[in-house]
Each structure stands twice: as C-alpha cells, then as structure tokens.
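Colleague: Turn this into a structure:
(one chain, ligands or ions: 1)
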Amino acid sequence: MPETVVVHCSRMGCGQPFAAKLQERPLCLGHSLQFAHGRVATIQQAAAQTIVTDDLSSEIRAFLSDVISQTVILATQTRLLAAAQRDDLMQISKPAVAIYQTINARRDRRVRYLLRAGEISETCFTVNISPREACVEIARPLTIGQRIVLERIDTQNGPLKDR
Ligand SMILES: [Zn+2]
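Modeller: Residues are numbered from 1 along each chain as shown. So this is what the prediction gives:
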C-alpha cells in the first residue's frame, strides 16, 4: 500500500504543514518567514559592517541562496499567501538578493596565475575576480568551451577554476 508522507514543520510543538526548507530544516510558512526575516536582518547588519565581504562565510552564502530559492517557490504559491505574508516575503527576499549579489560581485584584482590549456602554458593576470568566476588577460587566443586550469602562482593555491 502506498504511504503518504506528510512533512511537518520542524519547530517544536508546531505541527503546521511544511512550506519551505531553510538550512536543511523543513518549516511551516509562518516559521520560515520568521526565521528568514531574523537571519537576513542579522546578515544585513554584518554585511554592512564588513568591508571585505569575501569574509562572509560559505554558510551565510548557502543560507542566502536557500532564502532566495525558497522565497521564489513560496511566491509562486501566492494563493496560499495572505497579502501581509506576501509583503513579508518581499521584505526578506529583496535584501537577501542584494547581499548575495554584493558577495558574488566581481572585484577588480590583479593576481598572477599560471594558465594551462592543452599545450598552452602561460603566465597571466586577472582583471577581476568573483568567488566563482574570473576574467583574465592572456596572450594567446582560446576557443570557446576549451578547458583551462588557472593556478595561483604567489600562493601555489589552485587550480582556481577550469571551464
Ligand atoms: Zn511551524
């Protein structure tokens, strides 16, 4: 016989149906809004005081990405939401998106790397860097889709990325 699994809010004593998953925890609509609201406000304050946002931990990155994806899911279920909850949702997702974009923005930074692509091996400099991307100046042309490896020369950390 097929079993129907109903997921409920993980907050103690709540028992409301699951609406969103934040930090691996299922939460009902009310509790996810409450939790995300508090956490985003805290992160917003931290981000405002931290000049180098690179320092914001990967845990915060993951949480913001959760909030953004979950609020999008919740927003599409508008029939479930009262007007006040929709406003709440916007108040949470807007700053979350803004902080996330700031964290992931490209920064102008000139760092020396060793680029390897097939037979090619050359020293190059970055123009700008983001946590997941880099723009580099190279002498020889590459083809689209070619796999490259960037190895940071000063710290010997690498590969940064291959694409
Ligand atoms: Zn709940």
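Colleague: Every contact and neighbour count from this point should use C-alpha atoms.
Modeller: Noted.
Colleague: what does the protein put close to the ion?
Modeller: Taking Cα under 5 Å from the ion as the criterion, the neighbours of the ion within the chain are 9, 14, 28, 31.
Colleague: now those: which count as buried?
Modeller: Among those, those scoring as buried are 9, 28, 31 (criterion: 16 or more other Cα atoms under 10 Å).
Colleague: List of residues touching the helix or strand harbouring the last one?
Modeller: Under the assignment given by DSSP states H and E, the secondary-structure element containing residue 31 is helix 29-49. When contacts are taken as Cα atoms under 8 Å, 6 or more residues apart in numbering, the neighbours of helix 29-49 outside the stretch itself are 9, 11, 18-22, 53, 56, 60, 64, 67, 88-89, 91-92, 95-96, 99.
Colleague: Next step: those residues restricted to strands.
Modeller: Counted as lying in strands by DSSP state E, out of those, are 20, 21, 22.
Colleague: Just the closest of those to the ion, please.
Modeller: Checking those against the ion with Cα to the ion, the nearest one is residue 20 at 10.2 Å.
Colleague: Touching, that closest one and residue 77? I think so.
Modeller: No: under the contact definition of Cα atoms under 8 Å, residue 20 does not touch residue 77, with a separation of 11.2 Å.
Colleague: Please pull out the lowest mean pLDDT helix or strand from the protein.
Modeller: strand 107-108 (a mean of 82; mean pLDDT, DSSP states H and E).
Colleague: so what strands line up beside that strand?
Modeller: Under the criterion DSSP bridges, strand 107-108 sits next to strand 120-129 (antiparallel) in its sheet.
Colleague: What's the first helix or strand after the strand it pairs with?
Modeller: In the C-terminal direction from strand 120-129 (assignment by DSSP H and E), the next one is strand 134-137.
Colleague: Perfect, I'm done here.
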